[in-house]
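Engineer: Got a predicted structure plus its sequence, pasted below:
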Amino acid sequence: MNYLSVEHVAKSYGERILFEDISFGINQGQKIGFVAKNGTGKTSLLNILSGIDTPDKGAVVYRKNLTVAFLSQEPNLNKSLTIEQTILASDNPVLEVIKSYEKAILHPEQTENYQAAFDAMDAHDAWDFETRYKQILFKLKLENLNKKVGDLSGGQKKRLALANALLTKPDLLVMDEPTNHLDMESIEALNLALDNYPGTLFFVSHDREFISSLATRIIEI
(Lines give C-alpha, C1' and ligand atoms only; values in the text may rest on other atoms or scores of the structure.)
Protein backbone atom coordinates (compact mmCIF):
# COMPACT_ATOMS: atom_id res chain seq x y z
CA MET A 1 0.00 0.00 0.00
CA ASN A 2 1.37 3.40 -0.97
CA TYR A 3 1.56 5.78 2.02
CA LEU A 4 2.80 8.86 0.23
CA SER A 5 4.23 10.02 -3.07
CA VAL A 6 6.80 12.77 -3.46
CA GLU A 7 6.20 14.33 -6.87
CA HIS A 8 8.88 16.53 -8.46
CA VAL A 9 9.58 18.56 -5.32
CA ALA A 10 12.14 21.36 -5.20
CA LYS A 11 13.47 23.60 -2.45
CA SER A 12 15.72 26.66 -2.56
CA TYR A 13 16.98 29.29 -0.16
CA GLY A 14 17.57 32.48 -2.07
CA GLU A 15 19.68 31.58 -5.09
CA ARG A 16 20.89 28.37 -3.50
CA ILE A 17 19.10 25.28 -4.84
CA LEU A 18 19.03 22.50 -2.26
CA PHE A 19 17.29 19.98 -4.49
CA GLU A 20 14.92 19.90 -7.43
CA ASP A 21 12.73 17.43 -9.34
CA ILE A 22 12.84 14.77 -6.60
CA SER A 23 10.26 12.00 -6.88
CA PHE A 24 9.84 8.77 -4.90
CA GLY A 25 7.22 6.83 -2.97
CA ILE A 26 6.98 5.35 0.51
CA ASN A 27 5.02 2.14 0.94
CA GLN A 28 3.59 0.52 4.05
CA GLY A 29 6.13 -1.46 6.08
CA GLN A 30 9.24 -0.06 4.42
CA LYS A 31 12.19 1.13 6.49
CA ILE A 32 13.92 3.61 4.21
CA GLY A 33 17.35 5.08 4.82
CA PHE A 34 17.87 8.46 3.13
CA VAL A 35 21.49 9.21 2.27
CA ALA A 36 23.03 12.43 0.92
CA LYS A 37 26.04 14.68 1.40
CA ASN A 38 25.93 17.50 3.93
CA GLY A 39 24.27 20.65 2.65
CA THR A 40 21.99 18.92 0.15
CA GLY A 41 18.79 19.63 2.10
CA LYS A 42 18.14 16.35 3.91
CA THR A 43 16.52 18.02 6.91
CA SER A 44 14.53 20.31 4.60
CA LEU A 45 13.12 17.28 2.81
CA LEU A 46 12.22 15.64 6.14
CA ASN A 47 10.44 18.84 7.20
CA ILE A 48 8.46 18.74 3.96
CA LEU A 49 7.49 15.08 4.48
CA SER A 50 6.43 15.86 8.05
CA GLY A 51 4.31 18.84 7.03
CA ILE A 52 6.52 21.34 8.88
CA ASP A 53 7.56 22.99 5.61
CA THR A 54 6.29 23.12 2.02
CA PRO A 55 8.18 22.63 -1.25
CA ASP A 56 8.78 25.50 -3.67
CA LYS A 57 7.62 23.24 -6.49
CA GLY A 58 5.97 19.87 -6.69
CA ALA A 59 3.84 18.18 -4.04
CA VAL A 60 3.69 15.43 -1.43
CA VAL A 61 0.52 13.35 -1.77
CA TYR A 62 -0.50 11.46 1.38
CA ARG A 63 -2.82 8.51 1.74
CA LYS A 64 -6.05 9.61 3.43
CA ASN A 65 -5.85 9.75 7.25
CA LEU A 66 -2.12 8.93 7.27
CA THR A 67 -0.50 9.83 10.61
CA VAL A 68 3.11 11.03 10.59
CA ALA A 69 5.45 11.54 13.58
CA PHE A 70 8.76 13.41 13.34
CA LEU A 71 11.81 12.79 15.52
CA SER A 72 14.11 15.79 15.17
CA GLN A 73 17.85 15.86 15.85
CA GLU A 74 17.35 18.00 18.97
CA PRO A 75 14.19 17.03 20.89
CA ASN A 76 12.33 19.93 22.51
CA LEU A 77 11.57 18.64 26.02
CA ASN A 78 10.59 20.37 29.26
CA LYS A 79 13.59 19.98 31.58
CA SER A 80 11.51 20.41 34.74
CA LEU A 81 9.32 17.34 34.05
CA THR A 82 10.15 13.75 34.90
CA ILE A 83 10.31 11.00 32.30
CA GLU A 84 6.79 9.81 33.16
CA GLN A 85 5.39 13.35 33.31
CA THR A 86 6.82 14.00 29.85
CA ILE A 87 4.86 11.05 28.46
CA LEU A 88 1.66 12.16 30.21
CA ALA A 89 2.07 15.79 29.10
CA SER A 90 2.51 14.92 25.43
CA ASP A 91 -0.07 15.67 22.74
CA ASN A 92 -0.84 11.99 22.28
CA PRO A 93 -4.55 11.75 21.31
CA VAL A 94 -4.94 8.67 23.53
CA LEU A 95 -4.42 10.88 26.59
CA GLU A 96 -7.42 13.01 25.61
CA VAL A 97 -9.50 9.86 25.24
CA ILE A 98 -8.45 8.73 28.74
CA LYS A 99 -9.26 12.15 30.22
CA SER A 100 -12.71 12.09 28.62
CA TYR A 101 -13.35 8.60 30.01
CA GLU A 102 -12.25 9.64 33.51
CA LYS A 103 -14.72 12.54 33.38
CA ALA A 104 -17.49 10.29 32.05
CA ILE A 105 -17.22 7.73 34.85
CA LEU A 106 -17.92 10.50 37.35
CA HIS A 107 -21.37 10.85 35.78
CA PRO A 108 -22.50 7.32 34.81
CA GLU A 109 -26.10 8.53 34.73
CA GLN A 110 -25.24 10.37 31.50
CA THR A 111 -25.49 7.11 29.61
CA GLU A 112 -24.82 8.43 26.13
CA ASN A 113 -21.64 10.30 27.12
CA TYR A 114 -20.39 7.34 29.14
CA GLN A 115 -20.95 4.90 26.27
CA ALA A 116 -19.20 7.19 23.79
CA ALA A 117 -16.19 7.53 26.12
CA PHE A 118 -16.11 3.76 26.68
CA ASP A 119 -16.22 3.08 22.93
CA ALA A 120 -13.42 5.60 22.35
CA MET A 121 -11.24 3.77 24.90
CA ASP A 122 -11.77 0.57 22.91
CA ALA A 123 -11.17 2.23 19.54
CA HIS A 124 -7.87 3.79 20.66
CA ASP A 125 -6.70 0.72 22.59
CA ALA A 126 -6.36 3.03 25.59
CA TRP A 127 -7.02 0.59 28.43
CA ASP A 128 -3.42 -0.58 28.63
CA PHE A 129 -1.72 2.74 27.78
CA GLU A 130 0.18 2.86 31.09
CA THR A 131 1.51 -0.67 30.57
CA ARG A 132 2.45 0.17 27.00
CA TYR A 133 4.43 3.31 27.76
CA LYS A 134 6.26 1.60 30.63
CA GLN A 135 7.21 -1.30 28.34
CA ILE A 136 8.55 1.07 25.67
CA LEU A 137 10.52 3.11 28.23
CA PHE A 138 11.98 -0.10 29.66
CA LYS A 139 13.07 -1.25 26.18
CA LEU A 140 14.71 2.13 25.67
CA LYS A 141 16.50 1.78 29.04
CA LEU A 142 14.60 4.62 30.70
CA GLU A 143 13.49 2.66 33.75
CA ASN A 144 13.70 5.50 36.29
CA LEU A 145 10.38 7.19 35.55
CA ASN A 146 10.92 9.87 38.22
CA LYS A 147 14.21 11.13 36.79
CA LYS A 148 14.04 14.75 35.61
CA VAL A 149 14.56 15.47 31.92
CA GLY A 150 17.14 18.09 32.91
CA ASP A 151 19.27 15.31 34.41
CA LEU A 152 19.18 13.10 31.32
CA SER A 153 22.02 12.72 28.84
CA GLY A 154 21.56 13.73 25.22
CA GLY A 155 21.05 10.11 24.25
CA GLN A 156 18.44 9.56 26.94
CA LYS A 157 16.54 12.67 25.83
CA LYS A 158 16.48 11.40 22.27
CA ARG A 159 15.23 8.00 23.45
CA LEU A 160 12.49 9.70 25.48
CA ALA A 161 11.42 11.69 22.41
CA LEU A 162 11.37 8.42 20.45
CA ALA A 163 9.16 6.82 23.11
CA ASN A 164 6.69 9.70 22.77
CA ALA A 165 6.70 9.30 18.99
CA LEU A 166 6.20 5.51 19.13
CA LEU A 167 3.32 5.84 21.60
CA THR A 168 1.30 7.85 19.09
CA LYS A 169 1.40 4.73 16.87
CA PRO A 170 2.11 6.73 13.70
CA ASP A 171 1.69 5.12 10.30
CA LEU A 172 4.97 6.76 9.29
CA LEU A 173 7.84 7.72 11.60
CA VAL A 174 10.30 10.24 10.12
CA MET A 175 13.68 10.58 11.88
CA ASP A 176 16.52 13.05 11.40
CA GLU A 177 19.92 11.57 12.35
CA PRO A 178 18.53 9.40 15.20
CA THR A 179 21.99 8.10 16.22
CA ASN A 180 23.73 11.49 16.19
CA HIS A 181 25.78 12.08 19.39
CA LEU A 182 24.54 8.84 20.95
CA ASP A 183 26.70 6.44 22.95
CA MET A 184 26.77 2.73 22.15
CA GLU A 185 24.16 1.89 24.81
CA SER A 186 21.73 4.42 23.32
CA ILE A 187 22.34 3.21 19.77
CA GLU A 188 21.75 -0.41 20.78
CA ALA A 189 18.52 0.49 22.61
CA LEU A 190 17.36 2.61 19.67
CA ASN A 191 18.18 -0.14 17.19
CA LEU A 192 16.30 -2.76 19.20
CA ALA A 193 13.20 -0.57 19.54
CA LEU A 194 13.12 0.30 15.84
CA ASP A 195 13.93 -3.21 14.65
CA ASN A 196 10.77 -4.43 16.40
CA TYR A 197 8.73 -1.44 15.26
CA PRO A 198 5.91 -2.70 12.99
CA GLY A 199 5.31 0.66 11.30
CA THR A 200 6.98 2.45 8.40
CA LEU A 201 10.24 4.40 8.79
CA PHE A 202 11.96 7.10 6.76
CA PHE A 203 15.24 8.27 8.27
CA VAL A 204 18.39 10.22 7.55
CA SER A 205 21.63 8.84 8.94
CA HIS A 206 25.38 8.88 8.34
CA ASP A 207 25.82 5.75 10.45
CA ARG A 208 26.44 3.00 7.92
CA GLU A 209 26.07 0.20 10.44
CA PHE A 210 22.76 1.59 11.67
CA ILE A 211 21.49 1.93 8.08
CA SER A 212 22.54 -1.58 7.07
CA SER A 213 20.98 -3.14 10.17
CA LEU A 214 17.65 -1.35 9.82
CA ALA A 215 16.94 -0.20 6.27
CA THR A 216 15.03 -2.37 3.81
CA ARG A 217 15.57 0.27 1.11
CA ILE A 218 17.99 3.14 0.57
CA ILE A 219 17.33 6.38 -1.32
CA GLU A 220 20.37 8.46 -2.22
CA ILE A 221 20.78 11.96 -3.59
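Structural biologist: Looks like it came in fine. Only a predicted model underlies this, so the values are computations on that prediction, with no experimental measurement involved.
Engineer: need the contact list for the residue located most distally from the centre of the chain.
Structural biologist: Within the chain, the residue lying farthest from the chain centre (CA atoms, centre = their mean) is E109, at 39.1 Å. Neighbour list for E109: empty [criterion: CB atoms under 8 Å, 6 or more residues apart in numbering]. Every residue, glycine included, has its C-beta placed from N, CA and C.
Engineer: Also the one 4 residues further on?
Structural biologist: With contact set as CB under 8 Å, 6+ apart, N113 has these partners: A104, H107.
Engineer: do that again at 6 Å, thanks
Structural biologist: Residues near N113 by CB atoms under 6 Å, 6 or more residues apart in numbering: A104.
Engineer: Could you list the buried residues of the helix or strand hosting it?
Structural biologist: If you go by DSSP states H and E, N113 is part of helix 111-123. Going by neighbour count (16 or more other CB atoms under 10 Å), the buried part of helix 111-123 is Y114, A117, A120, M121.
Engineer: Using CSV, lay out the residues you listed together with pLDDT and distance to K169.
Structural biologist: Shown next, in CSV, are the buried residues of helix 111-123 (pLDDT from 0 to 100; distance: CB to CB, whole Å):
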residue, pLDDT, distance to K169
Y114, 84, 25
A117, 89, 20
A120, 89, 15
M121, 88, 15
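Engineer: Nearest to K147, out of those residues: which one, please.
Structural biologist: Using CB to CB, M121 is the member of the buried residues of helix 111-123 that sits closest to K147, with 29.4 Å.
Engineer: Isn't that closest one up against E102?
Structural biologist: No: here M121 does not reach E102: they are 10.1 Å apart, not a contact under CB atoms under 6 Å.
Engineer: mind listing the strands for the chain?
Structural biologist: 2-13, 16-27, 31-35, 57-62, 68-71, 172-176, 200-204, 217-220 (DSSP state E).
Engineer: so can I have CSV of the ones you listed showing distance to K148?
Structural biologist: Output for those, formatted as CSV (distance: least, CB to CB, whole Å):
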stretch, distance to K148
strand 2-13, 37
strand 16-27, 37
strand 31-35, 33
strand 57-62, 37
strand 68-71, 21
strand 172-176, 25
strand 200-204, 28
strand 217-220, 38
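Engineer: got those as TSV, with mean neighbour count, mean pLDDT and distance to L77 columns?
Structural biologist: Below are the strands of the chain laid out as TSV (neighbours: other CB atoms under 10 Å; pLDDT from 0 to 100; distance: least, CB to CB, whole Å):
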stretch	mean neighbour count	mean pLDDT	distance to L77
strand 2-13	16	95	28
strand 16-27	15	94	27
strand 31-35	20	94	25
strand 57-62	15	96	27
strand 68-71	20	92	12
strand 172-176	24	94	16
strand 200-204	23	95	20
strand 217-220	12	93	30
